[in-house]
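K.L.:
Return a 3D structure for these sequence lines:
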Amino acid sequence: MRPAWSILVHIDPQFLLAKVLARATLEEQIMPGSTGGVLVHINPILNVSDLQSSIKFYTEVLDFELLGTFGDPADFGIIRWDEHEIYLCVNGQGQPGTWLALFVSKPAALYERLVTNEAKILTPYPGDDGEFRVADPDGHVLRVFSGSPEA
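P.N.:
Below is the predicted model:
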């Protein structure tokens, strides 16, 4: 008899893929009947007015990694924190004032980094793993939470 499978959360995607493919297709295990197959990534696109200012904020203040810029002059950039990417587009894609939810394992440390770098804090960190909000140079609001969306 074939063993029952349960979906594991917060596991390396390649490990999960290897385990699932050993028994059945990923579609059969994750989303039976899903027309679009497996959702691999969702990457938000933020409309920015100044690509270099946005890159500086996300890489120097929030500690994202710059993966690259595109165009001559550059009008599109990709930044990453762990496996999560955000696209930055100069006056093109996306809408000003977008809100993003960031779930981090050390919100107090991130908050201190933001304060040290004089980021625009919209809602102070209340401690006890509560939520705080910060604005990027274009007014996009980052809601920062402790842990993960599933917690």
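K.L.:
Could you count how many residues lie near D128?
P.N.:
If you count neighbours by other CB atoms under 10 Å, D128 ends up with 8. The way it works is simple: take the backbone N, C-alpha and C, and place the C-beta from them, glycine included.
K.L.:
again but with W81, I slipped
P.N.:
W81 has 15 neighbours, counted by other CB under 10 Å.
K.L.:
how about it, what does it touch?
P.N.:
Contacts for W81 were tallied using CB atoms under 8 Å, 6 or more residues apart in numbering; they are L62, D63, F64, E65.
K.L.:
same thing but at 10 Å, please
P.N.:
With contacts defined as CB atoms under 10 Å, 6 or more residues apart in numbering, W81 is in contact with Y58, T59, L62, D63, F64, E65, L102, V104.
K.L.:
pLDDT wise, what is the first one at?
P.N.:
Pointing back at Y58 there. The predicted local distance difference test score for Y58 is 97.
K.L.:
Roughly how far does the closest residue to it other than its chain neighbours sit from V38?
P.N.:
Closest residue to Y58 in three dimensions, ignoring its sequence neighbours and counting by CB to CB, 6 or more residues apart in numbering: F64, at 4.3 Å. From F64 over to V38 the distance is 25 Å, taken as CB to CB, to the nearest Å.
K.L.:
From the neighbour counts alone, determine which of those two ranks first.
P.N.:
Using other CB under 10 Å, the more surrounded residue of F64 and V38 is F64, with 19 against 13.
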